[in-house]
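Participant: Build me a structure from this.
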Amino acid sequence: MNVAGQEVMTDKPTESTAPRVVQNFINGVYRPSAANKQFKSICPTDHTLAAIVHEASREDVDDAVKAARGALNGPWGKMSLDERAAILHRVADLIIERTDVFAAAEMSDTGKLLGPTLEGE
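Facilitator: Residues are numbered from 1 along each chain as shown. Next comes the predicted model:
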């Protein structure tokens, strides 16, 4: 799947593929942790490496807050409520269209079964 111009692996890695690397998404760009810290996400059901996740540092969080404030002071903040609602409804539709991808990620991360995952438990 392509997100913001970068290819993102959406299924659980197999023995023949490298684990997903999850970077911070700040101001429309995927980027590694400013502190260069990472942690391993281990699937609790089979103890395989599900992903390598970049741990957000204080600097990363500060940058994300600045980006959010910039968006609020920019085009997003100038949109009407109806315009913003339409965008958020479209995001919700895209999430629903990709329920299987989100469910697979949640199952790999938490070890939940499909039913409880889809029910939001």
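
Participant: which residue packs closest to Thr45, ignoring adjacent ones?
Facilitator: Gly111 (4.5 Å; Cβ to Cβ, 6 or more residues apart in numbering). For every residue, glycine as well, the C-beta is placed using N, CA and C.

Participant: list the contacts for the one you found?
Facilitator: Applying Cβ atoms under 8 Å, 6 or more residues apart in numbering, one finds that Gly111 lies in contact with Cys43, Pro44, Thr45.

Participant: I figured Ala51 hits Phe39, correct?
Facilitator: No - using Cβ atoms under 8 Å, Ala51 is not in contact with Phe39, being 9.4 Å away.

Participant: So which of these two has more stuff around it?
Facilitator: Neighbours around Ala51 and Phe39, counted as other Cβ atoms under 10 Å, are more numerous at Ala51. The numbers are 20 against 12.

Participant: Which helix or strand in the protein has the lowest average pLDDT?
Facilitator: Least confident helix or strand, the chain: strand 2-3 with a mean of 44, by mean pLDDT, DSSP states H and E.

Participant: any low-confidence regions in the chain?
Facilitator: Along the chain, the model assigns pLDDT under 70 to residues 1-17.

Participant: which among the contacts of Gly111 end up buried?
Facilitator: Listed as buried from the contacts of Gly111 are Cys43; burial here means 16 or more other Cβ atoms under 10 Å.

Participant: Out of the contacts of Gly111, list just those in strands.
Facilitator: Assignment to strands by DSSP state E places none of the contacts of Gly111 there.

Participant: Redo the contacts of Gly111 as CSV? Include distance to Asn24.
Facilitator: Converted to CSV, the contacts of Gly111 look like this (distance: Cβ to Cβ, whole Å):
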residue, distance to Asn24
Cys43, 22
Pro44, 24
Thr45, 27
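
Participant: Wasn't Ile52 part of a helix?
Facilitator: No - Ile52 is assigned strand when assessed by DSSP: H, G, I helix; E, B strand; the rest coil, not a helix.

Participant: thought it was touching Gln23?
Facilitator: No - Ile52 sits out of contact with Gln23 when judged by Cβ under 8 Å, with a separation of 9.6 Å.

Participant: which one of these two has more residues nearby?
Facilitator: Gln23 (18 against 15).
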